[in-house]
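Enquirer: okay, sequence plus prediction incoming.
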Amino acid sequence: MNAPPLTLRPIRTRDADDYHEIFGNPEVCRYDDFSPITQEESIQDIVRIIDAYARNDKNTERAIIQTGEDKMIGVFTVLCGRKYRYIGYHFKQTCWGRGYATAIVRLYLASLQPKTRSLIRARVDSRNAPSIRVLEKCGFQRGRSRLLENRTREYVYHFRGTPSR
Ligand SMILES: CC(C)(COP(=O)(O)OP(=O)(O)OC[C@H]1O[C@@H](n2cnc3c(N)ncnc32)[C@H](O)[C@@H]1OP(=O)(O)O)[C@@H](O)C(=O)NCCC(=O)NCCS
């Protein structure tokens, strides 16, 4: 599927409603380790994100937009561990199934030097079939898995660089 071109941009205060539409939706957070957030928490999160930009924090959340438009349709997250960088992506439910997640992961990977690209990982709930499909299409392979306290299983996916179509 050919998704329209996407762009990453900083998250701004005026994205609060879109941010809440994403992270306040129980379906979007279904496989996450947090509960859907309130409108108030969305605003607090955005303040924290903007503060992190000011501190040049390597852990970032950025807005995913359709190129040429301004409205946030998803959030792309990068969390830096001691050795690896973990990516995450969350889209408005109305935007699922259009190839957006595959497109943004590919865009992010293409922006990296090969050495950094090899350090990209993603943690995913074993039941999250769409996300697993996205990662496999983008050239990730399943590595170790672990059983979490809530009895769900988490897979760690490693970028291996042989994306499929
Ligand atoms: C997971 C998520 C990011 C996928 O976004 P998306 O833009 O719909 O993904 P894409 O359209 O690029 O690709 C989805 C793929 O999964 C497939 N898929 C969808 N539902 C599926 C299912 N139940 N079982 C297997 N594959 C499924 C789609 O057919 C597609 O594969 P294809 O291109 O081969 O047909 C989106 O559903 C989302 O935001 N979910 C909530 C947040 C989340 O779970 N994030 C991931 C945390 S690791």
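Expert: Sure, I can see it.
Enquirer: tell me the gap between the helix or strand where Arg123 lies and the middle of its chain.
Expert: Assigned by DSSP states H and E, Arg123 belongs to strand 120-125. Here strand 120-125 is found 10 Å from its chain centre; the criterion is CA atoms, centre = their mean, to the nearest Å.
Enquirer: give the buried residues for whatever helix or strand comes next after that strand.
Expert: Next along the chain after strand 120-125, taking DSSP H and E as the criterion, comes helix 129-137. Using 16 or more other CB atoms under 10 Å as the test for burial, helix 129-137 gives 131-132, 134-137. From N, CA and C alone the C-beta is placed, and that goes for glycine too.
Enquirer: hmm, back to that, tell me what angle the strand holding Arg123 forms with helix 129-137.
Expert: Strand 120-125 runs at 160 degrees relative to helix 129-137, counting by axes from the mean of the first three to the mean of the last three CA atoms, to 10 degrees.
Enquirer: got a list of contacts for strand 120-125?
Expert: 31, 81, 84-88, 109, 112, 131-132, 135, 140, 143, 152-159 (CB atoms under 8 Å, 6 or more residues apart in numbering).
Enquirer: try 7 Å this time
Expert: Strand 120-125 has contacts (CB atoms under 7 Å, 6 or more residues apart in numbering) with 31, 84-87, 109, 131-132, 135, 140, 152, 154-159.
Enquirer: neighbours around Ala122, how many?
Expert: Neighbourhood size, Ala122 [other CB atoms under 10 Å]: 22.
Enquirer: that one - nearest residue in space that isn't next to it in sequence?
Expert: Tyr157 (4.6 Å; CB to CB, 6 or more residues apart in numbering).
Enquirer: buried residues, the helix or strand the one you found falls within. List them.
Expert: Following DSSP H and E, one finds Tyr157 within strand 153-159. Across strand 153-159, burial judged by 16+ other CB under 10 Å covers 154-159.
Enquirer: tell me which residues are up against the lengthiest helix in the chain.
Expert: Using DSSP state H to define each element, the chain has its longest helix at helix 39-54. For helix 39-54, the surrounding residues in contact (CB under 7 Å, 6+ apart) are 10-11, 13, 15-16, 19-20, 23-24, 37, 59-61.
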